[in-house]
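Participant: Provide a 3D model corresponding to the input given below.
(one chain, ligands or ions: 2)
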Amino acid sequence: MSLLELEDVDGYYGNSHVLFDLSLSIDTNEVVALLGRNGAGKTSTLRTITGVIPRREGHIRFRGRDISRLSVDKISNMGIKLVPEERRIFPTLTVQENLQVARDSAGGSDPRPIEEMYEIFPILDDLRESRGQNLSGGEQQMLSVARALVQNPDVLLLDEPTEGLAPVIVEDLSETLEEVVERDVTVLITEQNVEFALDLSERAYIIESGENAWDGSIEELRQREDLLEQYLSVGAAESD
Ligand SMILES: Nc1ncnc2c1ncn2[C@@H]1O[C@H](COP(=O)(O)OP(=O)(O)OP(=O)(O)O)[C@@H](O)[C@H]1O
Ligand SMILES: [Mg+2]
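Facilitator: Ligands and ions are numbered 1, 2, ... in the order given. Next comes the predicted model:
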């Protein structure tokens with residue numbers, strides 16, 4: 001049985017139908033990439049899982065239980081945590097306080113020690129007393145992931161963690177996330193930075209216009225320049 005499974009899921013914003021019969025599944029401790037162009041429906045897919053999208057249909061199962069009608073809070077308390085594109089750090093709280101608030105609101109799960117977060121994210125260790133508003137984009141992203149991770153999620157949903165980050169920061173984040181995924185977490189990560197996502201993941205789903213377009217192993221995807229070009233605009237033109 002998959003840990004998390006979407007079967008023929010449709011998603012809507014009001015009258016706007018954006019996800020069409022979307023299916024995907026993730027096993028425990030897998031790291032899966034959800035790839036697709038701008039507007040393909042990656043964020044909307046994560047929002048259907050967490051219940052944030054205004055209307056969803058189809059089956060969404062977590063540990064075999066249908067969660068497609070549960071509230072955002074219930075789903076979060078079951079252990080599915082989203083790190084949204086916009087990072088939503090508390091600006092006037094320090095790094096330590098941001099982590100403490102997250103840990104205190106962990107809900108059902110058994111939270112991880114804050115000290116463990118400083119081990120994984122040494123950058124944050126040096127910034128314990130810094131306020132959220134004084135962190136750089138990269139530091140905020142690290143804090144945003146740490147805040148989700150301290151809640152000890154069963155599934156961590158990462159929405160474009162590299163968005164807006166300078167290349168050298170992306171490298172740091174990549175190394176840090178490598179360490180995160182080694183700690184028995186299940187991750188679904190969306191990215192437009194394909195290389196970043198491929199390095200981290202074992203399997204990938206490509207979506208286009210809210211529909212499944214392809215899925216398979218990262219090994220296979222790396223050989224399929226046609227797919228990278230067709231669905232992800234990564235091609236000969238861009239690599240030199
Ligand atoms: N709040 C909203 N209201 C109405 N339509 C929306 C809303 N958010 C997204 N959409 C539409 O849903 C579709 C999928 O968008 P979504 O944000 O899920 O794509 P994405 O793959 O995450 O894109 P990006 O790479 O730019 O983040 C797009 O057509 C978008 O215009
Ligand atoms: Mg998005």
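
Participant: buried stuff in stretch 13-23?
Facilitator: 18, 19, 20, 22 (16 or more other C-beta atoms under 10 Å). (Each C-beta comes from the backbone N, C-alpha and C, glycine too.)

Participant: Could you look up the SS state of the first one?
Facilitator: Using DSSP: H, G, I helix; E, B strand; the rest coil, the structure places residue 18 in strand.

Participant: what's near enough to touch it?
Facilitator: 11, 12, 41, 44, 210 (C-beta atoms under 8 Å, 6 or more residues apart in numbering).

Participant: Repeat the analysis, applying 6 Å as the threshold.
Facilitator: Counting by C-beta atoms under 6 Å, 6 or more residues apart in numbering, residue 18 touches 11, 41, 44, 210.

Participant: Could you tell me whether the first one really is in a strand?
Facilitator: Yes: read with three-state DSSP, residue 11 is one of the residues of a strand.

Participant: Spatially, what comes nearest to the most centrally placed residue in the chain if we skip its sequence neighbours?
Facilitator: By C-alpha atoms, centre = their mean, the chain has its centre lying nearest to residue 158, at 1.4 Å. Once flanking residues are discounted, residue 158 sits nearest to residue 189: 4.3 Å by C-beta to C-beta, 6 or more residues apart in numbering.

Participant: if we can go back for a sec, and the contacts of residue 18 as a markdown table, adding pLDDT and neighbour count?
Facilitator: Below are the contacts of residue 18 laid out as a markdown table (pLDDT from 0 to 100; neighbours: other C-beta atoms under 10 Å):
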| residue | pLDDT | neighbour count |
| --- | --- | --- |
| 11 | 97 | 22 |
| 41 | 96 | 23 |
| 44 | 97 | 22 |
| 210 | 97 | 21 |
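
Participant: out of those residues, which touch ligand 1?
Facilitator: Restricting the contacts of residue 18 to those touching ligand 1 (C-beta under 6 Å from any ligand atom) yields 41, 44.
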